[in-house]
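Chemist: Pasting the sequence and the predicted coordinates here, then a few questions.
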Amino acid sequence: MTLKIHNSLTKNLEDFESLKEGEVRMYSCGPTVYDRVHIGNLRAFLTSDLVRRTCEYLGFTVEQVMNITDIGIGGDNDEGEDKMIKGLKREDMEITLDSIKTLADKYTEQFKEDILALNIKLPHVLPRASEHLAEQVEMIEELEKKGFTYKSEDAIYFDTSKDENYGKLGGLTPLDESQTRVETGGKKSPRDFALWKFNQNLGYPSPWGQGFPGWHIECSAMSQKYLGKSFDIHTGGIDLLPVHHNNEIAQSENACGCEFARYWIHNEFVNLGDVKMAKSDGNILTLSDLNEKGLSPLAYRYLLLQSHYRTPTTFSWESLEGSSKALGKLQRLISELFTLSGVEGPENGQIDQAYKAKFVEKLENDFNTAQALAVLWTLAKDKEVKPEDKRTTILDFDRVLGLGL
């Protein structure tokens, strides 16, 4: 069987073929480091970790890059208060570039602690937007040279009307034709997006004036710097698909005249009750909230693995406690198997190839961890498999599941 990926670009389940045999280059949208990430955000990073671990398990060499957004004005609509400035105000810090760096340093380290607590592998490269201004400016200049930009009083914008393929990821809200003829905040069309936002009081120098790069340009510039102009896989939350990822595609492909990312993988939301978890709505939980309840972050990892990444997950304390009990049962099983086998290391057992084939089959079907876990539990109850082989096989499975067994 071949690894099959549900590609958001085509909306089809496709056989995966890497650009270079035996290698996978992947980019994952990272956090904006103005505050601690909540557990809904963490699902995106767990999904990218699952993709990476599966590819490595299948024998690929993986290079993973994830951005750190520590500057970048605006958001999907280039409107509203910059999140880093919002973070400075929340923490009663002076609004300066030095303060932005201090805030970013604090929450970048917190982010690393959180993903490591979930046993998520650190990406090979974690580039910061503030340290790659030259690459962002260079890409904007290339787009300008090719006629894809225009200047307004507040920004340099990407002109989406010049890109006949704009929005090919889908998910865009249809535009009313009359609306497209009205300027919106300096834009010719509501779908146009900022490449560089001017700011006379704070920012960095550029060929167009002092300011900050737009929110979207950083991902394009940094992914291409570290992975090349075309790479294999791009991951992120489903909320990024309609605007941010369409904007990435538009600016990247028009700048280079080539394909950007071949496979797009989007995970669904984590909901609290009937609504998605979001800072803007005030309904969030962080890993510290789980710790206060005496529940391990790995129990949350187990909870997410029980659902397919493209299925919305509803969080409840009851479901997390159930996952905690299941994980504890699995940990006790591993301990008992050490005792029963009478040998100390997993190298003394053999991987059960029949069970491994079943496990791989589930993973190769669009990273179906729910079914992969079912294979693990079937193996755990199989009395025909020797204890040392059972233990060795389960520990081999954990190379993907990442439950710290």
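Modeler: Okay, I see it.
Chemist: Going by C-alpha atoms from here, please, whenever you check contacts or count neighbours.
Modeler: Will do.
Chemist: what about stretch 198-210, how long is it end to end?
Modeler: 6 Å (Cα to Cα, to the nearest Å).
Chemist: buried residues in that stretch?
Modeler: 198-199, 203-204, 209-210 (16 or more other Cα atoms under 10 Å).
Chemist: ditto for stretch 393-405
Modeler: 393-403, 405.
Chemist: who's in contact with it?
Modeler: Stretch 393-405 has contacts (Cα atoms under 8 Å, 6 or more residues apart in numbering) with 50, 53-54, 57, 119-120, 298, 301-302, 305, 331, 334, 346, 350-352, 356, 359, 369, 376.
Chemist: Tell me, how many residues neighbour L116?
Modeler: Neighbourhood size, L116 [other Cα atoms under 10 Å]: 13.
Chemist: how close does it get to R301?
Modeler: 11 Å.
Chemist: picking up where we left off before, could you give me the PyMOL syntax to select whichever of the contacts of stretch 393-405 are buried?
Modeler: The following PyMOL line selects those of the contacts of stretch 393-405 that are buried, judged by 16+ other Cα under 10 Å:
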select buried, resi 50+53+54+57+119+120+298+301+302+305+334+346+351+352+356+359+369+376
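Chemist: L303 contacts W317, correct?
Modeler: No - assessed by Cα atoms under 8 Å, L303 is found out of contact with W317, at 10.8 Å.
Chemist: Of these two, which one has the most company?
Modeler: Taking neighbours as other Cα under 10 Å, L303 and W317 compare with L303 leading, 21 against 11.
Chemist: Give the helix, strand or coil label for the more buried one.
Modeler: helix (DSSP: H, G, I helix; E, B strand; the rest coil).
Chemist: how far away is it from V275?
Modeler: 18 Å.
Chemist: Can you measure across stretch 54-67, start residue to end residue?
Modeler: Start-to-end, stretch 54-67 (Cα to Cα) is 21 Å.
Chemist: From the chain's centroid, how far away is that stretch?
Modeler: 14 Å (Cα atoms, centre = their mean, to the nearest Å).
Chemist: So which residues make contact with it?
Modeler: For stretch 54-67, using Cα under 8 Å, 6+ apart, the contacting residues are 22-31, 52, 123-129, 219, 222-223, 226-227, 363, 367, 399-400.
Chemist: could you redo the last one with a cut-off of 6 Å?
Modeler: 22-30, 123-127, 400 (Cα atoms under 6 Å, 6 or more residues apart in numbering).
Chemist: picking that back up, Serialize the buried residues of stretch 198-210 to a markdown table and add fields for distance to V385.
Modeler: What follows is those, written out as a markdown table (distance: Cα to Cα, whole Å):
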| residue | distance to V385 |
| --- | --- |
| F198 | 66 |
| N199 | 67 |
| G203 | 63 |
| Y204 | 63 |
| G209 | 69 |
| Q210 | 67 |
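Chemist: Now do the helices in the stretch 1-150 of the chain.
Modeler: Secondary structure of the stretch 1-150 of the chain (DSSP state H, counting those that start in this stretch): helices at 39-57, 83-90, 97-117, 133-145.
Chemist: Name the surrounding residues that touch the shortest one.
Modeler: Contacting residues not belonging to helix 83-90 are listed as Y34 [Cα under 6 Å, 6+ apart].
Chemist: Check the helices of the stretch 1-150 of the chain for me: which has the lowest mean pLDDT.
Modeler: Comparing mean pLDDT across the helices of the stretch 1-150 of the chain, the weakest is helix 83-90, with a mean of 92.
Chemist: Which positions within it qualify as buried?
Modeler: Buried, per 16+ other Cα under 10 Å, within helix 83-90: 83-85, 87-88.
Chemist: next SSE after the worst-scoring helix or strand of the chain on mean pLDDT?
Modeler: Across the helices and strands of the chain, mean pLDDT, DSSP states H and E gives its lowest value to strand 275-276, namely a mean of 74. Next helix or strand after strand 275-276 toward the C-terminus (DSSP states H and E): helix 287-292.
Chemist: What residues of that next one count as buried?
Modeler: Using 16+ other Cα under 10 Å as the test for burial, helix 287-292 gives 287-288, 290.
Chemist: And stretch 348-366, by the same measure?
Modeler: For stretch 348-366, using 16+ other Cα under 10 Å, the buried residues are 349, 351-352, 355-356, 359-366.
Chemist: same deal with stretch 309-322?
Modeler: Under 16+ other Cα under 10 Å, the buried positions of stretch 309-322 are 309-310, 313-315, 320-321.
Chemist: Ok, stretch 208-228 next?
Modeler: 209-224, 226-227.
Chemist: That stretch: end-to-end distance?
Modeler: End residues of stretch 208-228 are separated by 27 Å (Cα to Cα).
Chemist: Likewise for stretch 65-83?
Modeler: OK, stretch 65-83 end separation, Cα to Cα: 22 Å.
Chemist: when you give positions from now on, start the count at 772
Modeler: OK, 772 is where the count begins now, so the last one is stretch 836-854.
Chemist: could you measure L940 against K782, distance?
Modeler: 9 Å.
Chemist: quick one: which of these two has more around it?
Modeler: L940 (20 against 12).
Chemist: Could you tell me how many residues sit around the spatially closest residue to the more buried one that is not a sequence neighbour?
Modeler: Counting by Cα to Cα, 6 or more residues apart in numbering, L780 is the residue found nearest to L940 once chain neighbours are left out, at 4.9 Å. Look at L780: counted by other Cα under 10 Å, it has 17 neighbours.
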